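Student: generate a structure from the sequence data that follows.
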Amino acid sequence: MNSMAIDRRQILLGTLSAVVWPAALRGPALAQSDVAFVAAAKRGDGYGVMLLGRDGHIVREVPLSARGHDIALHSGSGRAVVFARRPGTFAVAFETGRDSPPEIFSAIEGRHFYGHGAFSRDGRLLYVSENDIANARGVIGIYDVDSGYKRQGEMPSFGVGPHEIILLSDGRTLAVANGGIDTVPEAGRENLNLDAMQPSLAFIDALSAALLAKHTLPADLAKLSIRHIAPDSEGRVWFGGQWEGDAAATPELIGCAAPDQSLKLITPQESLGKGLKGYIGSVAASADGAIIAASAPKAGRVLYIESSSGNVIGTSTLKDGCGVAGGSAHTFAVTSGLGVFRYENPGEATISEIALADIAFDNHLRRLV
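Tutor: Numbering: from 1, shown residues only. Below you'll find the model as predicted:
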C-alpha cells in the first residue's frame, strides 16, 4: 500500500508541474456569449480544453497536461471544470468568459476521479464522482468553489464506479450513473471486477446525502455498465450503457428510469445493441427534454429518441462521433475524434459541418448557450 501511495504522489507532482498557462495562449477578455461550446480535445501531441464559438471554431484554449474527459459547467457564473480521464487524479477549473489563469486541484490520497462532476445550483459546490480505492466503493467528493475547490467531504454514491453525475431540475437531487467498474490509477483502465459488476442508477439528496432511490439491472444485464445520463422533460433520466460481456449477447444499450420508476431499456423494432458495437459514448437532451441523443462512436452513429414514447425517431452517421449537445428547435451539435463539428436534426440531413485540422475531440461536448 505504501508503494502505491508513493507512485500516486509522483504522478500528481508530474501533473501539477506540467499544467501551465502560457502567455501565448491567452487572449483578450471575452463576453461569455462568445463561447457557445466546451470540449476536451487532443491537439497534435498535446491536450487541452477547446472553447468553441457557435460555428464550432476555437475561440480560446485551456492547456492540459494529459487527456481530459468531461466538463462541468455552471451557466450562471461561467465557471467550468474539466476532469482527467478515468482513472485520473487532476482537475482544472477555469472561466468560460475570462482568460484568467486556471485553478488546479487533485484527488486526495486514496481517491481517483471518474471524469465527471456537477455544480450545485448556486455554483458554490462541486460534486465529483470518485473511487474509494482501498474499499472499492464509489463516493461523491464535495468541493467548495470559493475556497479554491477545497474538498469539504464526501457522500456515498451507493455503488461502484460512479461515472456521470447530473443535478436534476429540483436543484437538490443528484442522479448518479454507477457504472459498476472498479479501477485504480496503477492499473490504468483495466476492469478489476468484471465478474462482480453491479451497475445502478442512484438518486441522492445532495443536502442530506440520503439515498432516495436506487435501480439496478437484472443479473443477465449485470455487465451493462451505466455510464452517461441526461434528463428529459417528464422527470426521467435517460442512460447510455457500455456492454462488458460477450458481444454476441449484446443487449439494448439505452434506457431510462426515475426515482419512482425502475430501469427500462428501449424496445426498438429491430435490435440495435450489437450494431452499435456495445458502446454508447455520450447522452444529451434537447433544450425542452423532448428528444434524447445517444452517440455510438465505435459504430459511427448517433441515435435520436423521442423521450415520451421511447421510440427511435432518427439516426445519423459520423465516423468516431461521440460528443453531443442539445439545443433549441431540436437541433444538436455533434463532435468527432477526427475534428468534425456538426449541427444536425433527428432524421434530417446535416445542417452544417466543419472539420478542424489537427484536432481530436474527446467524448463529451457541453453547450453554454
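Student: phi first, then psi, for Tyr47.
Tutor: phi -130, psi 150 (degrees, to the nearest 10).
Student: count residues in the vicinity of it, would you?
Tutor: Counted with other Cβ atoms under 10 Å, the neighbours of Tyr47 add up to 22. Glycine gets a C-beta too; all of them are placed from N, C-alpha and C.
Student: next: the one 4 residues further on.
Tutor: When neighbours are defined as other Cβ under 10 Å, Leu51 has 25 of them.
Student: for Gly68, same thing?
Tutor: By the other Cβ under 10 Å criterion, the neighbourhood of Gly68 contains 28 residues.
Student: that one contacts Lys42, correct?
Tutor: No: counting by Cβ atoms under 8 Å, Gly68 stays clear of Lys42, with 9.3 Å between them.
Student: mind listing the shared neighbours of the two?
Tutor: Between them, Gly68 and Lys42 share these contacting residues under Cβ atoms under 8 Å, 6 or more residues apart in numbering: Asp362.
Student: how near is Gly327 to Arg85?
Tutor: 26 Å (Cβ to Cβ, to the nearest Å).
Student: distance from stretch 113-123 to the middle of the chain?
Tutor: Using Cα atoms, centre = their mean, to the nearest Å, the distance from the centre of stretch 113-123 to the centre of the chain it belongs to is 10 Å.
Student: neighbours of the nearest residue to Ser77 once chain neighbours are set aside, how many?
Tutor: Leaving out its chain neighbours, the residue that sits closest to Ser77 by Cβ to Cβ, 6 or more residues apart in numbering is Gly123, at 4.8 Å. Residues near Gly123, counting by other Cβ under 10 Å, number 16.
Student: helix, strand or coil for Gly123?
Tutor: With DSSP: H, G, I helix; E, B strand; the rest coil as the basis, the three-state label of Gly123 is coil.
Student: residues contacting it?
Tutor: When contacts are counted by Cβ under 8 Å, 6+ apart, Gly123 touches His74, Gly76, Ser77, Arg79, Val145.
Student: over to it: give its phi and psi.
Tutor: According to degrees, to the nearest 10, Gly123 has phi 80, psi 10.
Student: tell me, what residue is most central in the chain?
Tutor: For the chain, the residue whose C-alpha lies nearest the mean C-alpha position (Cα atoms, centre = their mean) is Asp70; its distance is 4.5 Å.
Student: that one sits in which helix or strand?
Tutor: When secondary structure is defined by DSSP states H and E, Asp70 falls within strand 68-74.
Student: and that strand, what does it pack onto?
Tutor: Of the remaining helices and strands, those touching strand 68-74 by 3 or more Cβ pairs under 8 Å, 6 or more residues apart in numbering; DSSP states H and E are strand 37-43, strand 46-52, strand 79-84, strand 111-119, strand 366-367.
Student: gap between Ala357 and Thr335?
Tutor: 14 Å.
Student: the more surrounded of those two?
Tutor: Neighbours were tallied for Ala357 and for Thr335 using other Cβ under 10 Å; the higher tally belongs to Thr335 (32 against 7).
Student: ok, the residue nearest to the centre of the chain - contacts?
Tutor: Taking Cβ under 8 Å, 6+ apart as the criterion, Asp70 is in contact with Ala40, Val82, Phe83, Gly115, His116, Gly117, Glu164, Asn363, His364, Arg366.
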